[in-house]
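Enquirer: quick check, what structure comes out for this input:
(one chain, ligands or ions: 1)
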Amino acid sequence: MTRVLHRTIAHSYPVAARGQGINIWDATGKQYIDASGGAAVSCLGHSHPDVLAAMHAQLDKLAYAHTSFFTTQVAEELGEDLVRHGPPGTSHVYFVSGGSEAIEAALKMARQYFVEKGEPERCHFIGRRQSYHGNTLGALAVGGNQWRRKQFAPLLIESHHVSPCYAYRDRRADETPRQYGERLAQELEAKVQELGPRTVIAFIAETVGGATAGVIPPVEGYFKRVREVCDRHGILLILDEVMCGMGRTGTLHACEQEGIAPDLMAVAKGLGGGFAPIGAVLVQGKVFEAFQKGSRLFQHGHTYLGHPLACAGALAVQRVIRRDDLLANVRGQGEHLMRRLNERFGNHHHVGDVRGRGLFQAIELVADRASKATFDPRHKLHARIKQEAMARGLMVYPMGGTIDGVHGDHVLLAPPFIATASDIDVIVERLGASVDAAIASLPRA
Ligand SMILES: Cc1ncc(COP(=O)(O)O)c(C=O)c1O
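Expert: Alright, predicted model coming up:
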């Protein structure tokens, strides 16, 4: 009997015993290809020797020093590194221990920014439906996944939501991608007007929608128009690149491909690659200056901010990615993955869409391709696919409720940046067999 309160209480989890490269082995010796990096975390795979060496060296020097007493060289170096490679205008970095914490910090920083500037009437956040920003209460409130929010709704701060950029389902046949993006920007503008432009703090969005909607890339021009709407009303743009950032889409930041820079940006998973818990908020100079000229104190903080061991791991991860030019591999293998997914699923009766960028891709499952009807959510196709994949030694990241928190199923893939073409071939082959077996196991209608 386990004393650990696991994610799903009735489920019996294999014991992960060791990891190497793109593989994890359980305690029985069974091998799994980690084709999702857990939840888009393990960007260098497992047990990377350079990262382990950097962490061991840091551990030998100093494991922990509270940030109200000290800074550390390793936190300063990582901060310098992230600013140097950050979106234009980035001047500082606020370290935390994960994605939800990064979002909480960004929300509070955005609110305090306007208090510092003498605009305390700004109190509203606008997010997008079907987004995911984390499970802490602030992050859950601005997130738009109905299933995750539902039972906690009475506890959540008021927040407002507009449509996601979900071209497969929501772009009309008579619209170009650009017109669709324009329609979404107008919806945001209308929401701002409804709330009162001077009452809105920020618009928050995942640059490429991740876990809950299944890798939905923005249409061309969408974020440029969003940036314009925000700028016109002095509203901050917070991008959540916890999942899609730090190289996953083939550029260090996903927003580079959109030609915009956010005011605040949350990063986490790929920052430390799973070697230690770490997240960060990348802060634009104008936000920092408002604090500097104002109270000179961001009223926030946690015990483990800037943890030296986590900073050492993250710094090593980022240096390896650059030294080994792994973003080129993300782009190259990303194209190969897209090609292989299209070959395997492009004509599949039950795959409606293959989408994504770099090594961040997904397939969306449908009962019927023409109508895009979804499978009955009671049958939990996504969970069956996960089970079939694990049986075949493959870790992927399937989820249900793709469309509205209840209906729809997708499978997310986020292989490590070190994956080779033959790794990708095995991943797609095993995924194909898992999807077919899961569909065959569904009760007949
Ligand atoms: C886009 C996004 N934001 C925030 C989070 C929350 O991160 P964490 O689970 O590290 O708190 C996640 C986690 O999946 C995420 O995908």
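
Enquirer: and the residue in the chain positioned nearest to the ligand, what's its pLDDT?
Expert: Residue of the chain nearest the ligand, by CB to the nearest ligand atom: Gly99 (2.1 Å). Every C-beta, even on glycine, is put in place using the N, C-alpha and C of the backbone. If you check Gly99, the pLDDT there is 98.

Enquirer: next, it: phi, psi?
Expert: Here is the backbone geometry of Gly99 (degrees, to the nearest 10): phi -70, psi -50.

Enquirer: i'd like the first residue to be 55 from this point on
Expert: Shifting the count to begin at 55 puts that one at Gly153.

Enquirer: that one touches Val296, doesn't it?
Expert: Yes. Applying CB atoms under 8 Å, one finds Gly153 in contact with Val296, separated by 3.6 Å.

Enquirer: any common contacting residues for those two?
Expert: Common neighbours of Gly153 and Val296 (criterion: CB atoms under 8 Å, 6 or more residues apart in numbering): His187, Gly188, Ala320, Ala322, Lys323, Gly333.

Enquirer: which element follows the least confident helix or strand in the chain by mean pLDDT toward the C-terminus?
Expert: Taking mean pLDDT, DSSP states H and E as the measure, the chain has helix 200-203 as its least confident helix or strand, at a mean of 92. Sequence order places strand 214-216 as the next helix or strand after helix 200-203, per DSSP states H and E.

Enquirer: need the contact list for Asp88.
Expert: If you count contacts by CB under 8 Å, 6+ apart, then Asp88 has Gly73, Ile76, Asn77, Ile78, Ser96, Gly99, His100, Met449, Pro469, Pro470 around it.

Enquirer: at 10 Å what do you get?
Expert: By CB atoms under 10 Å, 6 or more residues apart in numbering, the residues touching Asp88 are 73, 75-78, 95-96, 99-100, 328, 448-450, 468-470, 473, 481.

Enquirer: cool, and Gly188?
Expert: 152-158, 194, 196-197, 202, 294, 296, 320, 322, 333.

Enquirer: farthest-separated two in those?
Expert: Farthest pair in these (CB to CB) is Arg202 and Gly333. Separation: 18.9 Å.

Enquirer: more neighbours: which of those two?
Expert: Applying other CB atoms under 10 Å to Arg202 and Gly333 shows that Gly333 carries more neighbours, namely 26 against 16.

Enquirer: beta-bridge partners for that one, please?
Expert: Taking DSSP bridges, one obtains Val150 as the residues bridged to Gly333.

Enquirer: count of neighbours near the residue lying closest to Gly455 once chain neighbours are set aside?
Expert: Excluding its sequence neighbours, the residue lying closest to Gly455 (CB to CB, 6 or more residues apart in numbering) is Trp201, at 5.1 Å. Neighbourhood size, Trp201 [other CB under 10 Å]: 13.

Enquirer: contacting residues around Trp201?
Expert: Going by CB under 10 Å, 6+ apart, Trp201 touches Thr266, Pro431, Gly454, Gly455, Asp458, Gly459, Val460.

Enquirer: restricted to strands, list those.
Expert: Of the contacts of Trp201, the ones assigned to strands by DSSP state E are Gly454.

Enquirer: farthest-apart pair in the contacts of Trp201, please.
Expert: Using CB to CB, the two most remote members of these are Thr266 and Pro431, lying 13.9 Å apart.

Enquirer: what about the ligand: which of the shared contacts of Gly153 and Val296 touch it?
Expert: His187, Gly188, Ala322 (CB under 6 Å from any ligand atom).

Enquirer: from those, which is closest to Arg226?
Expert: Among those, and counting by CB to CB, the member closest to Arg226 is His187, at 27.6 Å.

Enquirer: quick one: which helix or strand includes Leu485?
Expert: In the assignment (DSSP H and E), Leu485 maps to helix 475-494.

Enquirer: dump the C-alpha coordinates for that helix into PDB.
Expert: What follows is helix 475-494, C-alpha atoms only, in PDB (Å, rounded to 0.1, in the frame of the first residue of the first chain):
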ATOM      1  CA  ALA A 475      15.200  10.800 -36.800                       C
ATOM      2  CA  SER A 476      15.200   7.100 -35.900                       C
ATOM      3  CA  ASP A 477      13.900   8.000 -32.400                       C
ATOM      4  CA  ILE A 478      11.100   9.900 -34.100                       C
ATOM      5  CA  ASP A 479      10.300   7.000 -36.400                       C
ATOM      6  CA  VAL A 480       9.900   4.600 -33.400                       C
ATOM      7  CA  ILE A 481       7.800   7.100 -31.500                       C
ATOM      8  CA  VAL A 482       5.400   7.600 -34.400                       C
ATOM      9  CA  GLU A 483       5.200   3.800 -35.100                       C
ATOM     10  CA  ARG A 484       4.400   3.100 -31.400                       C
ATOM     11  CA  LEU A 485       1.900   6.000 -31.200                       C
ATOM     12  CA  GLY A 486       0.100   4.700 -34.300                       C
ATOM     13  CA  ALA A 487      -0.300   1.200 -32.800                       C
ATOM     14  CA  SER A 488      -1.400   2.700 -29.500                       C
ATOM     15  CA  VAL A 489      -4.000   4.900 -31.100                       C
ATOM     16  CA  ASP A 490      -5.400   2.100 -33.200                       C
ATOM     17  CA  ALA A 491      -5.500  -0.300 -30.200                       C
ATOM     18  CA  ALA A 492      -7.200   2.300 -28.000                       C
ATOM     19  CA  ILE A 493      -9.900   3.000 -30.700                       C
ATOM     20  CA  ALA A 494     -10.500  -0.700 -31.200                       C
END
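
Enquirer: distance from the chain centre to it, please.
Expert: 23 Å (CA atoms, centre = their mean, to the nearest Å).

Enquirer: check which helices and strands it is in contact with.
Expert: Helix 475-494 is packed against strand 85-88, helix 380-399, strand 405-411, strand 414-419, helix 435-445, strand 448-449, strand 451-454, strand 463-467, with contacts defined by 3 or more CB pairs under 10 Å, 6 or more residues apart in numbering; DSSP states H and E.

Enquirer: kindly report the residues of the stretch 55-204 of the chain close to the ligand.
Expert: Contact residues (CB under 6 Å from any ligand atom) of the stretch 55-204 of the chain with the ligand: Ala93, Gly152, Gly153, Ser154, Ile157, Tyr186, His187, Gly188.

Enquirer: try 5 Å
Expert: Taking CB under 5 Å from any ligand atom as the criterion, the stretch 55-204 of the chain approaches the ligand at residues Gly152, Gly153, Ser154, His187, Gly188.
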